[in-house]
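K.L.:
Any chance you can model this:
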Amino acid sequence: MTTDTWQGDAVGLVEAFRSGERSPIEELDAAYEAIDASDLNAVCFTDRDAARADAVAADVSKPFGGVPIGVKSLNEVEGWPNDEASVPLKDHVGKITTTQVDRIRRLGGAVLAAQCTSSEFGGVNLTRTVLHGATHNPWQHGRTPGGSSGGSASVVAGGLLPIATGGDGGGSIRIPCGFTGLVGLKATFGRIPLGPNTQYGNLTVTTGCMARSVRDTARWFDVCNGHDPTDPLSLPRVEGWERGLGSHGDALRGARVAVVPDWGGAVVSPVMWELLEEAATQLIADVSMTRTDDVDTHVPRMGGAWSISGMIEIRAALGDLYPDCADDLTPEMKFGLASTDGKYSEEGRARIERRRTEVNQAMAKIFDPVDGVDFVITASNPDVAFDANGPLASVFGGIEAGMGNNGQLTFPANLHGNPAISVPAGQLDGLPIGLQIVGRHFSEPLLLDLARTMEQNRPWPLTSLTT
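P.N.:
The predicted model follows:
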């Protein structure tokens, strides 16, 4: 793999463009050379003529002016494949460009360099499909980068592209960022619009980026956040994400924190948790927060209900192609569709809503401003990255971990709409591990400051090539 691509963060690349140290077209050409030489299988489509035209015309005065970026394949782009990483839909072409991608290109000045692989319909936490094969973790070939934003994580951590889009409906930003040593912010629900063809489904999906640095993440949200009428549940615009980094010390000092190894009922590798708890303890001390163990952090499980409602969307996307196309689906999607068939009845819907109410009440109690905590710190994943081809369950110490545990660690923030961030927290057996910090609604600036503190006091390699 070539190392001629930019190995710093995206903000640093913009600065290099502005100083004349590098040029957008040279960087794009280097990125394509690296993509062509890569064995990560993280890119599934490129439109090189259009990208080169944009690079030549790049306005480097814009926040991401000239930066070549990856676009998750589940983020629709007009004229690009829009196949949901699924064989039955392989001939579908995008008719619109999603709001986030449009904003990062039009307002941010980024160059859409490559479409990155995803798990089929975004349904599982590894990126291996019948259509595209297995995507690999740049830290160790043969391990997964996670999912569903696995290709995006792989190109960024592997040094191919400096930043990429991601989406998180059950952990799909935080899980791959945790597996690949990147920063991954799942924002408050509605922070970045889901338009222009908004579909809410089970009301858990947010979009964002897979980034090498905290300032990259903050700048991304500076560009992309803000209400759009095509998504009536999207939030009003908030200014000053990057400018405000490091300015929230007073708000963080004395904050109450619960450090929870079994968040959502998950089973986490004891060896990994020792390292994560050490990182959490240092962060609490660095920011002068207060650790508390007197708050009940139990959250009812809702993975089954989430799966049932999600499968309804997938079934609708396949339309008349299903069930004849079942054998063309990944095993997880085939099994999920078959096992949830007919369960979305009136009674089933009522059960889902009751369980969601229970989750909302539990989360509200955990983050109660008077009797609760300000933050929950836990793991981003139950263990280090598992095999790139699956199966989804891995075993450590005789305890089963995998998809279910990942879901239990990440689902609560999706279901309640909280912001949560995965921050690199070291390595185990040569593979990255991520610390997840969950906050109250609208507390993204505080989460970014906590991540920035870790970035300054426990610096991480920006890519697998810079160790």
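K.L.:
Run through the residues that contact His132.
P.N.:
By C-beta atoms under 8 Å, 6 or more residues apart in numbering, the contact set of His132 is 41, 44, 85, 117. For glycine as for every other residue, the C-beta is placed from the backbone atoms N, C-alpha and C.
K.L.:
Kindly confirm my reading that Arg243 forms part of a helix.
P.N.:
No: with DSSP: H, G, I helix; E, B strand; the rest coil as the criterion, Arg243 is located in coil rather than a helix.
K.L.:
Based on its surroundings, how many neighbours for it?
P.N.:
Per other C-beta atoms under 10 Å, the neighbour tally for Arg243 reads 11.
K.L.:
Show me which positions of stretch 190-203 end up buried.
P.N.:
Within stretch 190-203, the residues that count as buried by 16 or more other C-beta atoms under 10 Å are 190-195, 198, 202.
K.L.:
Looking at those residues, spot the one nearest Arg291.
P.N.:
Arg191 (28.0 Å; C-beta to C-beta).
K.L.:
Can you give me the separation between that closest one and Asn202?
P.N.:
Distance of Arg191 to Asn202, given as C-beta to C-beta, to the nearest Å: 18 Å.
K.L.:
Next: Ala187.
P.N.:
When Ala187 is compared with Asn202 (using C-beta to C-beta), they lie 17 Å apart.
K.L.:
about what we covered before: using TSV, lay out the buried residues of stretch 190-203 together with pLDDT.
P.N.:
Listed next are these as TSV, based on pLDDT from 0 to 100:
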residue	pLDDT
Gly190	98
Arg191	98
Ile192	98
Pro193	98
Leu194	98
Gly195	97
Thr198	96
Asn202	86
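K.L.:
Tabulate these (TSV), appending distance to Arg440 and secondary structure.
P.N.:
Listed next are the buried residues of stretch 190-203 as TSV, based on distance: C-beta to C-beta, whole Å; DSSP: H, G, I helix; E, B strand; the rest coil:
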residue	distance to Arg440	secondary structure
Gly190	15	coil
Arg191	14	coil
Ile192	19	coil
Pro193	22	coil
Leu194	22	coil
Gly195	26	coil
Thr198	25	coil
Asn202	21	coil
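K.L.:
could these go into JSON lines alongside distance to Asp294?
P.N.:
Formatted as JSON lines, those follow (distance: C-beta to C-beta, whole Å):
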{"residue": "Gly190", "distance to Asp294": "32"}
{"residue": "Arg191", "distance to Asp294": "31"}
{"residue": "Ile192", "distance to Asp294": "35"}
{"residue": "Pro193", "distance to Asp294": "39"}
{"residue": "Leu194", "distance to Asp294": "38"}
{"residue": "Gly195", "distance to Asp294": "43"}
{"residue": "Thr198", "distance to Asp294": "41"}
{"residue": "Asn202", "distance to Asp294": "33"}
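K.L.:
of all the residues you listed, which comes closest to Asp216?
P.N.:
Nearest member of the buried residues of stretch 190-203 to Asp216, counting by C-beta to C-beta, is Ile192, at 15.1 Å.
K.L.:
Show me which helix or strand of this structure is least confident by mean pLDDT.
P.N.:
strand 394-396 (a mean of 32; mean pLDDT, DSSP states H and E).
K.L.:
Quick one: the helices in the stretch 1-150 of the chain, in order.
P.N.:
Here the stretch 1-150 of the chain has its helices, by DSSP state H, counting those that start in this stretch, at 10-19, 24-37, 48-56, 99-106, 150-157.
K.L.:
Contact partners for His298?
P.N.:
265, 362.
K.L.:
so what's Val71 up against?
P.N.:
Contacts of Val71 by C-beta under 8 Å, 6+ apart are 77, 80, 101, 112, 114-116, 152, 164-165.
K.L.:
Tell me which of those fall in strands.
P.N.:
112, 114-116, 164-165 (DSSP state E).
K.L.:
Out of those residues, which comes closest to Ala134?
P.N.:
Cys116 (13.9 Å).
K.L.:
which residues of the stretch 151-300 of the chain fall in helices?
P.N.:
Going by DSSP H, counting those that start in this stretch, the stretch 151-300 of the chain shows helices at 174-180, 214-224, 249-252, 270-287.
K.L.:
Please identify the most buried of these.
P.N.:
helix 174-180 (a mean of 34; mean count of other C-beta atoms under 10 Å).
K.L.:
so how far is that one from its chain's centroid?
P.N.:
7 Å (C-alpha atoms, centre = their mean, to the nearest Å).
K.L.:
can you tell me the average pLDDT over it?
P.N.:
For helix 174-180, the mean per-residue pLDDT is 98.
K.L.:
follow-up on the earlier one: put together TSV for the contacts of Val71, with neighbour count on each row.
P.N.:
Putting those into TSV (neighbours: other C-beta atoms under 10 Å) gives the following:
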residue	neighbour count
Val77	23
Trp80	21
Val101	24
Leu112	21
Ala114	28
Gln115	27
Cys116	32
Ser152	41
Ala164	30
Thr165	30
